[in-house]
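**Q** structure for this input, please:
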Amino acid sequence: MSEKTAAEPGNNGTEEMLKVDVGGREPMGYTAKLLYLTALAWSLFQVWIASPIPYMIGWGITSDTEARSVHLAFALVLAFLAFPGLTTSQRGGLRLTGWLYVVAAVATLAYATALQFDMAVGTRPIVMLCMGIVFALAAYSSLVPSDPRRIPLADWALALAAGFCALYLFLYYAEIGSRSGRPSMMDLIVTGVGMVTLLEATRRALGPALTIIAVIFLVYTFLGPYMPDLIAHRGASFNRAASQYWLSNEGVFGIALGVSTSFVFLFVLFGALLDRAGAGNYFIQVAFSLLGHLRGGPAKAAVVASGMTGLISGSSIANTVTTGTFTIPLMKRVGFKAEKAGAVEVASSVNGQLMPPVMGAAAFLMVEYVGIPYVEVIRHAFLPAIISYIALIYIVHLEAMKADMKGIPPKVQTPFWNKLFAYSTTVLGLLILSGVVYYGIGWLRVVFGDFANVIVGVGVFAAYIGLLWNASRFPELHVDDPNAPIFELPEPKATINSGLHFILPLVVLIWALIVERLSPGLAAFWAVTFLIFIVLTQRPIMAFFRRRGEFMAAFRVGVWDLLDGMVQGARNMVGIGVATAAAGIIVGTVAMTGVGLVLTEVVETLSGGNLMVMLVMVAMLSLILGLGLPTTANYIIVATLMAPIVVDLGAQSGLIVPLIAVHLFVFYFGIMADVTPPVGLASFAAAAVSRGDPIWTGVYAFYYSLRTVALPFLFIFNTQLLLMDIGGPVDLILTFVSATIAMLVFAAATQGWFVTRSRWYEAAALLLVAFTLFRPGFWMDMIHPEYDQLSATQLEEMVEQEPAGGHLRMWVEGIDAEGRDISKAVMLPLGSDEGSVSDRLQRAGILTMAMGEQVQISNVRFGSQADRLGLDMGMQITGLLVPADRPDRRLFFIPALVLLALIWWIQKRRRDREAVPVTA
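**A** Below is the predicted model of the structure:
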């Protein structure tokens, strides 16, 4: 096998695609050093504010708003220094953005000149003059091509202006708070310049999609009175907009940027350091060594490798090109068309954004939007993501069967049971690791209390030394060239043993999250701290065990690996940082204008009150809103605009579904925008590597992702897929097995191949089997309703009977905050702690008062679960819903499995007949 580094020829396509995430400039000399040190300073700042050290020494403590201000300042400065205003691909065509900036500059400067003759306009001419100058600088930068090795003066000026505007809240935090609602001239200038530079930074780092959406919402904010009657509103003054967007925590510096500051950066840094340490290559090599010998083995390995990379990645594009550089050429070599090879990589890489614990950073946003602990988000999201991955491996297997592909012969033949064990541990690796940590060493927390942390720390250190000694007995892993003329599978034993110590940071992360129940930010801090230790020490210790000497040289390499990893983590965060800030514009507009209510009314009118039509419309709108957006911005927008529609209209139709299911529903469809042509960015990235047609790559990727399209509809109606209302271990196993079989059958039906090529009626029967296994309650509901209704006066009795983690299902009527008469069903979570009836209701966010046969909600706590579900003071609880006493809905599994067996038997007989050679 030949070795290859990123600097060698052959990786140009990948490097070009990665520039989408980290910028296209490669400055020289002092400029390069300044860029490097700025990114390094950002990483050090984020590690500092996440650590407990400031609180221990009483120095360096920053408030949430101040931390967000510094975070955005770093992101904006790096966006202007690392991303040119005019890229190579734009030089030969119409530089539309630059000319739009010219128009904006002329318009604002002309308006400022006209206003200066009107003494009644106050500070507006100065604000418009400053904005006009910034537009002019942006126009120059977007029209004049620059040398990628230098940064033009216009970009330096934009970077300084953007950095100051972002730091403004940090520098003048107390003064701004004292004049809340009455912005000064400087406040308005900073807001105007800050908004323009933020939009330009977003365009550079992420492309035009999010910028265009943000501009549309800004235009809607100011021109509300001139909009069509359906969406018209009274509009907002510039003073009001400045207070909302830039001078408070309700716009740019809102929840989304706060999550980016507190949690997301550390997880992206964790991924960058893990990759720099060698874990990225290790995961890929392990997947190939264990799965490469199967039919279509490289494609199956691509799925697993992308899944493991997706666990720590915040970008579908980065995931696609990182693993796709190796997997796509290998898939092509074993028989996959270029478009299908790219599509498999896209489907698996985008699926990585659905995998806990990071979920493209959306997991941390869900904590804030849904109001449940981070561990609960992981628990609910895990089963759909894992069965979707298993189904994708099965789809690859079916494609290999269709084309009669063979696997790559391994060096050593492996017994069947060893193959099965390797396959299971590879696919279910995170689940197994989490179980080992929780059940294997989690008892230490119960037995030893706080001292358990010391025991685990010593144990992890001892395991680290032991695993490095074990790795030193095997050859080092090298980055292979997938285009080399001869390729053979790595030997599994040597490959696995060479990097087992990379699992330990994940152990630390899982321990901190699941056992210690630390916040995501603090858990990531301890995982990053241990990973820093690994990066610094693994080379010297390995040199000692291999008796190579040169310990200081190895340590210096580790130091540079650490610094480069921290810089890479910061560069990877630029897009996410500006995306969450720009998405805050949409959030602020919704809060100011009430456009979310308008969308709800539009969808309600067009769907005619039909529940399925409403869900399909929301799915399509989520897909459209997600086009061209990174995962974080994507989720913020769909959670702000689409999730309330499902909650409101679904509840009025009697759909009783937890809030997390709604948010996962819109999140899944938003993510599908990375796949779907004509804008699917991950499909274009894969096509750049595969040299295939990007549109057909996207079409095939969407075809392979149909299972991901179906899942959200299924867990809306069957919350057991989100591991809710699980009765015990047997119930859990039945849920997992039935859901997995259902997803495999669905994949077989949509691919048109089960045992052999399916006929249309066989595919239809397979879809019926999959639907029944996924939602057996659909058929049982025809026999007996799922819920019985009790009197509201039994509220206290029902709350008392609900176990920890239970939900209260009830019908409520009344007038909501918008003045509408409503009647809807809600599913109110009662929390994971036991307690008195009043305590549990208060934790859920409501106080109640009995009024005859009804119960009135006397108070709703702001920001609580009850508030998120749209409950309001004065509403009446008119009835309680309890699970009906009816036969187990899973009885319908029996006829479904019988039908499945019948189809298998029919297809097997047909395949055997077709395999018999015809004799004369």
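**Q** right, and residue 806 touches residue 830 too?
**A** Yes - Residue 806 lies in contact with residue 830 (C-beta atoms under 8 Å); the separation is 5.3 Å. Using the backbone N, CA and C atoms, a C-beta is placed for each residue, glycine as well.
**Q** neighbour count winner among those two?
**A** In this view residue 806 and residue 830 are compared by other C-beta atoms under 10 Å, and residue 830 has more residues nearby, 23 against 18.
**Q** nearest residue to that one in space, please, no chain neighbours.
**A** Computed as C-beta to C-beta, 6 or more residues apart in numbering, the closest residue to residue 830 that is not its neighbour in sequence is residue 840, at 4.9 Å.
**Q** list the buried residues in the helix or strand that contains the one you found.
**A** Assigned by DSSP states H and E, residue 840 belongs to helix 837-844. For helix 837-844, burial by neighbour count (16 or more other C-beta atoms under 10 Å) applies to 837, 840-844.
**Q** same check, this time on stretch 219-235
**A** For stretch 219-235, the neighbour count (16+ other C-beta under 10 Å) marks 220-221, 224, 227, 233, 235 as buried.
**Q** domains of the protein?
**A** 12-254, 592-783, 787-883 (automatic domain parsing).
**Q** average pLDDT for the second one, rounded please.
**A** The one in question is domain 592-783. Mean per-residue pLDDT for domain 592-783: 82.
**Q** figure out how far stretch 158-178 is from the centre of its chain.
**A** Relative to its parent chain, stretch 158-178 has a centroid offset of 29 Å by C-alpha atoms, centre = their mean, to the nearest Å.
**Q** helices and strands around the helix holding residue 840, which ones?
**A** helix 795-801, strand 846-851 (3 or more C-beta pairs under 8 Å, 6 or more residues apart in numbering; DSSP states H and E).
**Q** check contacts around residue 403.
**A** By C-beta atoms under 8 Å, 6 or more residues apart in numbering, the residues touching residue 403 are 335-336.
**Q** how about it, phi and psi?
**A** phi -90, psi 0 (degrees, to the nearest 10).
**Q** kindly report the same for residue 531.
**A** phi -70, psi -40.
**Q** residue contacts, it?
**A** Neighbours of residue 531 in contact, by C-beta under 8 Å, 6+ apart: 270, 273-274, 277, 505.
**Q** how much space between it and residue 271?
**A** 10 Å (C-beta to C-beta, to the nearest Å).
**Q** low-confidence regions, the stretch 401-550 of the chain specifically.
**A** 406-436, 438-439, 479-488 (pLDDT under 70).
**Q** what ranges do the helices span in it?
**A** Assigned by DSSP state H, counting those that start in this stretch, the helices in the stretch 401-550 of the chain fall at 416-427, 429-435, 443-448, 452-471, 492-497, 504-510, 520-545.
**Q** reformat these as CSV; add distance to residue 895.
**A** Shown next, in CSV, are the helices of the stretch 401-550 of the chain (distance: least, C-beta to C-beta, whole Å):
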stretch, distance to residue 895
helix 416-427, 29
helix 429-435, 30
helix 443-448, 43
helix 452-471, 49
helix 492-497, 42
helix 504-510, 40
helix 520-545, 44
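**Q** just tell me which of those ends up closest to residue 46.
**A** Judged by C-beta to C-beta, the one of the helices of the stretch 401-550 of the chain that comes nearest to residue 46 is helix 520-545, at 9.3 Å.
**Q** so which of the buried residues of stretch 219-235 sit within strands?
**A** Of these, none are assigned to strands by DSSP state E.
**Q** between the residues you listed, which sits nearest residue 448?
**A** Residue 448 lies nearest to residue 221 out of the buried residues of stretch 219-235, by C-beta to C-beta, at 56.1 Å.
**Q** residues in contact with that closest one?
**A** 235-236, 241, 589, 592-593.
**Q** just the ones of these in helices?
**A** 241, 589, 592-593 (DSSP state H).
**Q** please list only the buried members of those residues.
**A** Counted by 16+ other C-beta under 10 Å, those give 241, 589, 592-593 as buried.
**Q** okay, and the closest residue to residue 738 other than its chain neighbours sits in which element?
**A** Distances taken as C-beta to C-beta, 6+ apart place residue 773 nearest to residue 738, at 5.1 Å, with adjacent residues excluded. Using DSSP H and E, residue 773 falls within helix 760-774.
**Q** which other residues reach that helix?
**A** In contact with helix 760-774 (C-beta under 8 Å, 6+ apart) are residues 714, 718, 721, 738-739, 741-743, 745-746, 748-750, 752, 754, 758, 778-779, 892-893, 895-897, 899-900, 903, 906-907.
**Q** only whichever of the residues you listed are buried, select them in ChimeraX.
**A** Buried residues within those, by 16+ other C-beta under 10 Å, are selected in ChimeraX with:
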select :714,718,721,738,739,741,742,743,745,746,748,749,750,754,758,892,893,896,900,903,906,907
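**Q** I figured the residue nearest to residue 830 hits residue 799, correct?
**A** Yes - judged on C-beta under 8 Å, residue 840 makes contact with residue 799 at a distance of 5.7 Å.
**Q** which neighbours do those two have in common?
**A** With C-beta under 8 Å, 6+ apart as the test, residue 840 and residue 799 both reach residue 830.
**Q** before we move on, back to that, farthest-apart pair in the buried residues of stretch 219-235, please.
**A** 221 and 227 (10.5 Å).
**Q** measure residue 699 to residue 623 for me?
**A** Relative to residue 623, and taking C-beta to C-beta, residue 699 is found at 15 Å.
**Q** isn't residue 645 up against residue 601?
**A** No - counting by C-beta under 8 Å, residue 645 stays clear of residue 601, with 9.5 Å between them.
**Q** higher neighbour count, the two?
**A** residue 645 (26 against 16).
**Q** show me the contacts for the more buried one.
**A** The neighbours of residue 645, taking C-beta under 8 Å, 6+ apart as the test, are 596, 599-600, 603, 614, 618.
**Q** can you tell me which of those is closest to residue 887?
**A** Closest to residue 887, out of all of the contacts of residue 645 and judged by C-beta to C-beta, is residue 614, at 30.3 Å.
**Q** what's the helix or strand containing that closest one in contact with?
**A** Residue 614 is located in helix 611-625, with elements delineated by DSSP H and E. Residues outside helix 611-625 that contact it (C-beta under 8 Å, 6+ apart): 213, 603-604, 606-607, 634, 637-638, 641-642, 645-646, 649-650, 653, 655, 665-666, 669-670, 672-673, 676, 709, 712-713, 716.
**Q** that one: how far from the chain's middle?
**A** The answer for helix 611-625 is 19 Å, by C-alpha atoms, centre = their mean.
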